[in-house]
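Chemist: Here you go, sequence then predicted model.
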Amino acid sequence: MEHVSINIAISEPRIQLYFLLRLVYSVITPFILPFIIIFFAFSYVIFCHQIINVYDQKYESGAAFWPDVQSHVIIGLIISQLLLMGLLSTKNFAKSTPILLVLPILPFWFHRFCKGRFESAFVKFPLQEAMVKDTLEKATEPNLNLNAFLQDADVHPVYKGIEIDKPAAIDQEENNPLVSTKRKRTHE
């Protein structure tokens, strides 16, 4: 059986285009909104099924493309709001157009807020941040011993206060029935 994976470079821009067209043309022709909602609902269900059950994951991007997607959606939203203002200014709603001038400002402000608050999470990967923090920690506190903190790190919080009885053979180092995990190199 051939392993198939989703081609993000083709699928994701196509969905962005559909979303942009929905934003722009829903202002001009609200009649298409139910069809677009049905399309996106079916697309969501089908993509969830395909991604979970069918496609193989070739790589993990860490959602590095999300800032670009958000920028495209905000641009589409601003374009649709400008079209709405232009459409209402040609009709008998010309008095409401000055009030609608606030509409493009709000998504732009939201985009700037999200970019300032969350973009660093998409640029810096957590492992890189951990390495920087470890280096700073070693420089500021070189004698810090984390063994006491990490001793029960894999224990569920419910069981952290309970002392678990160990068999006597495990407590005694010389009579330990467990296999040693230290590997010894053998030279050929």
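Modeler: Yep, it's here.
Chemist: Next, the buried residues of the longest helix along the chain.
Modeler: As assigned by DSSP state H, the longest helix anywhere in the chain is helix 66-90. When neighbours are counted by 16 or more other CB atoms under 10 Å, the buried residues of helix 66-90 are found to be 67, 70, 73-74, 76-78, 80-81, 83-85, 88. The C-beta positions use only the backbone N, C-alpha and C, and glycine is treated the same way.
Chemist: got it, and stretch 107-120?
Modeler: By neighbour count with 16+ other CB under 10 Å, stretch 107-120 contains the buried residues 107, 111.
Chemist: what sits up against it?
Modeler: Contacts to stretch 107-120, defined as CB atoms under 8 Å, 6 or more residues apart in numbering, come from residues 67, 70, 71, 74, 77, 78, 81.
Chemist: let's see 6 Å
Modeler: Applying CB atoms under 6 Å, 6 or more residues apart in numbering, the contact partners of stretch 107-120 are 67, 74, 77, 78.
Chemist: Which elements pack onto the longest helix of the chain?
Modeler: Secondary-structure packing of helix 66-90 (3 or more CB pairs under 6 Å, 6 or more residues apart in numbering; DSSP states H and E): helix 8-28, helix 97-100, helix 102-123.
Chemist: I'd like the mean pLDDT over it, please.
Modeler: What helix 66-90 shows for mean pLDDT is 85.
Chemist: Quick one: classify residue 142 as helix, strand or coil.
Modeler: coil (DSSP: H, G, I helix; E, B strand; the rest coil).
Chemist: Dihedrals phi and psi, it?
Modeler: Dihedral pair for residue 142: phi -70, psi -20, per degrees, to the nearest 10.
Chemist: That one: neighbour count?
Modeler: Here the number of neighbours of residue 142 (other CB atoms under 10 Å) works out to 7.
Chemist: Which members of the buried residues of helix 66-90 define the maximum pairwise distance?
Modeler: The span of the buried residues of helix 66-90, defined through CB to CB, is set by 67 and 88 at 31.6 Å.
Chemist: Assign the residue most central in space within the chain to helix, strand or coil.
Modeler: Centroid-nearest residue in the chain: residue 63, 5.0 Å away (criterion: CA atoms, centre = their mean). Here residue 63 is recorded as coil under three-state DSSP.
Chemist: how far away is the nearest residue to it once chain neighbours are set aside from residue 16?
Modeler: Once flanking residues are discounted, residue 63 sits nearest to residue 122: 6.5 Å by CB to CB, 6 or more residues apart in numbering. Computed as CB to CB, to the nearest Å, the residue 122 to residue 16 distance reads 17 Å.
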